[in-house]
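Visitor: how would this look folded up:
(chains A and B)
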Amino acid sequence: MGKTNILGSFEHLVLLALVHLGEESYGVTVRQELEQKSGKTISIGAVYATLDRLEGKNLISSRHSGADPARGGKPRRHFKVLPAGELALARSRELLEKMWHGIDLNKERPTG
Amino acid sequence: MKNRPPRICEFFLELILPARDADVIVGDLHEEFAQKTKSLGYTRSTFWYCGEMVRSSWPSLRRKLAPSNIRRAIMQEWPSEIRFAVRGIRKDGLTSAAAIFALTLGIAATTAIFTVADRVVISPLPYPDSDRLAIVWNDWSGDGAGRGSQSIPELMDLRERSTTIVNAAGVQFFSTSIGAGQSRAIVQAIGASPSLFSMLGTVPALGTFFSPGHESGSEQQVVALSYSFWMSNFGGDPDVVGREVLLDSATATVVGVLPKDFLVPVNFGFKPDIYTPTITHGGRTPPRSVHGLRTVIRTAEGVSPRALAADLGQISSQIKELYPSEYNETFSFRATPLKQVLFGDLRTPALLLTGMASLVLLVACANVANLLMVKATGRERELAVRAALGASRSRLLRQQLIENLALALCGGLLGIFVAAGSLDLMLALNSDLALRLGDASLSPRTVGFTSLAALGSALMFGLGPALNSTRSATQAARLRQGARGRARSRWHEPIIALQVAIALVMMIGAGLLTRSYQSLNSVEIGITVDQTVAVKVNLAGWDTPQARDLYSTVVNRTRNLPRVMGVGTVNNIPIGDHASDWPHDIIGTEENFSADFMTVSPGYFEAIGAHIVAGRDFTEDDTEGVEPVVVVNEQIALAWPGGNPVGAQIAPMTREGETQKPVTIVGVVSNIRTTGLETEIEPQIYYPNTQLTLGLFSPKNMWIVARTSGDPATVGAQIRNEVVQLAPNVASPEIVELSDIVSGSTALNRFALALVGSFALVGLLLTTVGISGVMAFVVRAERKEIGIRLALGAASGRVVSGVMSRSMRSVAVGSILGILVSLAATRLLANQLFEISPTDPISIALATALILSVATLTSWIPATRAARISPLETLQEE
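Guide: I've put the predicted structure just below:
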């Protein structure tokens, strides 16, 4: 299997959100980014489940910051996309573009 | 501004979410919550937070509850958790033992008392639809409190005229003799309407009950046996039905045997030997004025107490109109629910004791909370290390909770055992209560209730300390701080104050009951209690002169026995029996009075230790032929117009209200308490048994009373032998020592005192455990500080007072609170107290002094120990 890291659709979205946010990516911002762009409510648990999975695949890394009084004394977990993650994104995009090639849904759809 | 999410939700998330993400997710939600409150406000944000909580925890929750995970948890995680818990309990052995002990006592006290209270207050009586059962009384005074018996015609009135009653049955108590073959025995009997058994849903153990024909008296006499009488006197013979026995002198056929657990609805404590049908002769005889029935009724379904009372009022008016000579203006029928008749007097004591037991449980729970807090604080360092090594808060919490649960389980199980034992002990102390309750074993309901209370309280009270210690542990791990402060000891002070207050309230209660019992015991009964014996003889079936001759022969023979100082007979023994009162006219005046009347023999007053105050005693010369005489008690003499009743003539009235032949008062005897220690002394008139002037007396039931300088039991046995010699067919007479009768009359007071006293002791003990636990904690937490102060030259006396002040302040606050509460609360005890005010200063002072000295001692011991801490050792520890 090796490097055939095919991203699931939500994984894809979460990774893209991390790229968008850059240095500012942690739980709250990632979720807000996803909710804003998709217009849907997303549970924080689901975000972390995906982030944990991505980290398990070595596509991203994370680090804890110190306890923060604004967060009830809890730490913040910051995420960063690893080169393997960027590669996986590029692959997925490539694959999608290949699959989309020559498709025009408006034309294909029967009109009658 | 409030911008913190609900802690309970945070706690839930920490517990449910996977350890890796829990802290971060809770932090993220916290941050978002703070943002949201700015735009949405607190309430809407809280709704949002709860929604988030459910959505984020759901996947983890589902994963955790998956069968494979549960299996893994049971196989792999729980054994280690339980090992940890056991290790934790053993490590703080003393504290854990104290917590278990506290729970055991708390649960035992509440379970035992709740069992009794459940029976008395909550449970229905052991009859079908028992809330429709009631007793109907004749209320002559019309004040709603009268409890007069009814007559057979009145029972018939209820049956015929009532629109709300579906069944009415009469119950009579009497004693008779039963003979089968050669043997004869005096038995306690109940006369019951045949419908009683169907009304109560009773199924015979053998044979049948009575039929309506038996009630009319048209059929041959029948008898039913109680289960125990059938066993003891007929050997449980299955062919007993159809056998003929002699009741007094008439033949009766045994028709059936009652079930083993049958309880007489009017009095659960009464265990009759046989049952006979109440014969009504269709209501024609006996006359309306012979009142000897207790009437048990069952109302129709859906009849309210008010409807029943209205119906009874209507019937009373009807019969008053029909028989104006039989009833006075105020007369009315009155119904009391059966449960109230049976347990009404126990209701208040039961509720009071339940309150007390709940206080004990409360002290126990406070103790457990305190001890768990002490324990948790002692373990901060260990928890901090484990948190630093990566143990999540939920893991630490779970472990603490498992430990507390284990403690609660130990305490709960032990408590139930102790409760069962103490319930037995309690009922053994008071056999009358045991009889009245019928069967009172621990019910699953009570056990369930108290176990839940204990588990719940241990978990709830354990949660605070567990949360507290794990929170500080995780924070400490993060902040790399290992120092321990004295901040958390602030928790203990209100708890100690609460315990002291509760213990003091109970102590004051116990003190009041003790003083009340003392004054009850110092009541002047008016007789010589010690060395006096009474023998009860029942000559059922004998005629009056025959019976009187037997008594005088026995009395004369007893008088000649060695060491006998006096002997006589009476029909109502002091304290034990209830005399009836009878109206008398004072001749030559318009006045009349009502007094208890009794028959005594010459020599009775001397035998019982009463003395003649004025005039003379009865003599053997007061016979039928000469002027009829009576002796009255001092109570009558005091109220007598002119002051001296000797020589005056009085006349008892007949049942019809007419005056009978007058009798002359020849003497005044000192007061004797006949009905009980707590009741007022009644006016009493004594008639000599040598002149049976009135038809009111039957000498067939008599007590032969003798005072001796030797052993009363021996004299009692000698009297009994004399009786049996003269009357071989009579059942063996009963021997009672007067001291036993007197102590029996205060049994309930002793019982309440024993219970309240032991509760107060338990409360005191628990408070002691609580204070010493907290003091140990204070000394441990401040060990270093004390060491340094000692090293710097502090006087040990100052160290002692410094440490002691930590608990004594709370003790002082608690004492004041306790006194204030008891001033208000002991009023509930007022009805149980005899000649002692509920705010008796002596009881309050003694109880407070006791609590204060015990608390001082408990604080002083660890404080002096602290002052002996070696400064060198404490400094080396760091």
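Visitor: and the most centrally placed residue in chain A, how far is that from chain B?
Guide: Residue closest to the average C-alpha location in chain A (Cα atoms, centre = their mean): residue A:14, at 1.5 Å. Residue A:14 is 14 Å from chain B, where distance means Cβ to the nearest Cβ, to the nearest Å. C-beta here means a position set from N, CA and C on the backbone, and glycine is covered the same way.
Visitor: which strands and helices sit next to the host helix or strand of that residue?
Guide: Assessed by DSSP states H and E, residue A:14 sits inside helix A:9-21. Here helix A:9-21 touches helix A:27-38, helix A:44-56, strand A:77-81, helix A:83-100, going by 3 or more Cβ pairs under 8 Å, 6 or more residues apart in numbering or on different chains; DSSP states H and E.
Visitor: from the chain's centre, how far out does that helix sit?
Guide: Relative to the centre of its chain, helix A:9-21 is centred 2 Å away, using Cα atoms, centre = their mean, to the nearest Å.
Visitor: can you pull the buried residues of that helix?
Guide: By neighbour count, with 16 or more other Cβ atoms under 10 Å in any protein chain shown as the criterion, the buried positions of helix A:9-21 are A:10, A:11, A:12, A:13, A:14, A:15, A:16, A:17, A:18, A:21.
Visitor: How about residues contacting it?
Guide: Residues outside helix A:9-21 that contact it (Cβ atoms under 8 Å, 6 or more residues apart in numbering or on different chains) are A:7, A:25, A:29-30, A:33-34, A:37-38, A:46-47, A:50-51, A:53-54, A:59-60, A:79-81, A:85-86, A:88-89, A:92.
Visitor: which regions of the stretch 201-350 of chain B lie under the pLDDT threshold?
Guide: B:269, B:281-286 (pLDDT under 70).
Visitor: can you give me the strands in it?
Guide: For the stretch 201-350 of chain B, the strands defined by DSSP state E, counting those that start in this stretch occupy B:206-207, B:222-225, B:244-247, B:250-257, B:274-277, B:294-299, B:332-337.
Visitor: can you list these in CSV and add mean neighbour count?
Guide: Shown next, in CSV, are these (neighbours: other Cβ atoms under 10 Å in any protein chain shown):
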stretch, mean neighbour count
strand B:206-207, 18
strand B:222-225, 25
strand B:244-247, 17
strand B:250-257, 18
strand B:274-277, 25
strand B:294-299, 24
strand B:332-337, 20
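Visitor: Export only the CA atoms of the helix holding residue A:14, formatted as PDB.
Guide: Output in PDB follows, covering the C-alpha atoms of helix A:9-21 (Å, rounded to 0.1, in the frame of the first residue of the first chain):
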ATOM      1  CA  SER A   9     -13.700  13.600   1.900                       C
ATOM      2  CA  PHE A  10     -13.800  15.000   5.500                       C
ATOM      3  CA  GLU A  11     -10.100  14.400   5.900                       C
ATOM      4  CA  HIS A  12      -9.600  16.300   2.700                       C
ATOM      5  CA  LEU A  13     -11.600  19.200   4.000                       C
ATOM      6  CA  VAL A  14      -9.800  19.200   7.400                       C
ATOM      7  CA  LEU A  15      -6.400  19.200   5.800                       C
ATOM      8  CA  LEU A  16      -7.300  22.100   3.600                       C
ATOM      9  CA  ALA A  17      -8.600  24.000   6.600                       C
ATOM     10  CA  LEU A  18      -5.200  23.500   8.300                       C
ATOM     11  CA  VAL A  19      -3.400  24.800   5.200                       C
ATOM     12  CA  HIS A  20      -5.700  27.800   5.100                       C
ATOM     13  CA  LEU A  21      -5.200  28.600   8.800                       C
END
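Visitor: Residue B:424: neighbour count?
Guide: 14 (other Cβ atoms under 10 Å in any protein chain shown).
Visitor: The helix or strand it falls within vs chain A: in contact?
Guide: Secondary structure assigned from DSSP H and E places residue B:424 in helix B:393-429. No: shown here: helix B:393-429 not in contact with chain A (Cβ under 8 Å from any Cβ of the partner chain), separated by at least 10.5 Å.
Visitor: What subset of the contacts of helix A:9-21 is buried?
Guide: Buried members of the contacts of helix A:9-21, counted by 16+ other Cβ under 10 Å: A:7, A:25, A:29-30, A:33-34, A:46-47, A:50-51, A:54, A:59-60, A:79, A:81, A:85, A:88-89, A:92.
Visitor: correct me, but residue B:419 touches residue B:442?
Guide: Yes: Residue B:419 is within contact range of residue B:442, at 6.4 Å (criterion: Cβ atoms under 8 Å).
Visitor: Would you mind listing what in chain A touches chain B?
Guide: A:26-28, A:31, A:43-46, A:48-49, A:52, A:64, A:66-68, A:70-77.
Visitor: Would you show me how to pick out the buried ones of the residues you listed in PyMOL?
Guide: Provided next is the PyMOL selection string for whichever of those are buried by 16+ other Cβ under 10 Å:
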select buried, chain A and resi 26+27+28+31+43+44+45+46+48+49+67+71+72+73+74+75+76+77
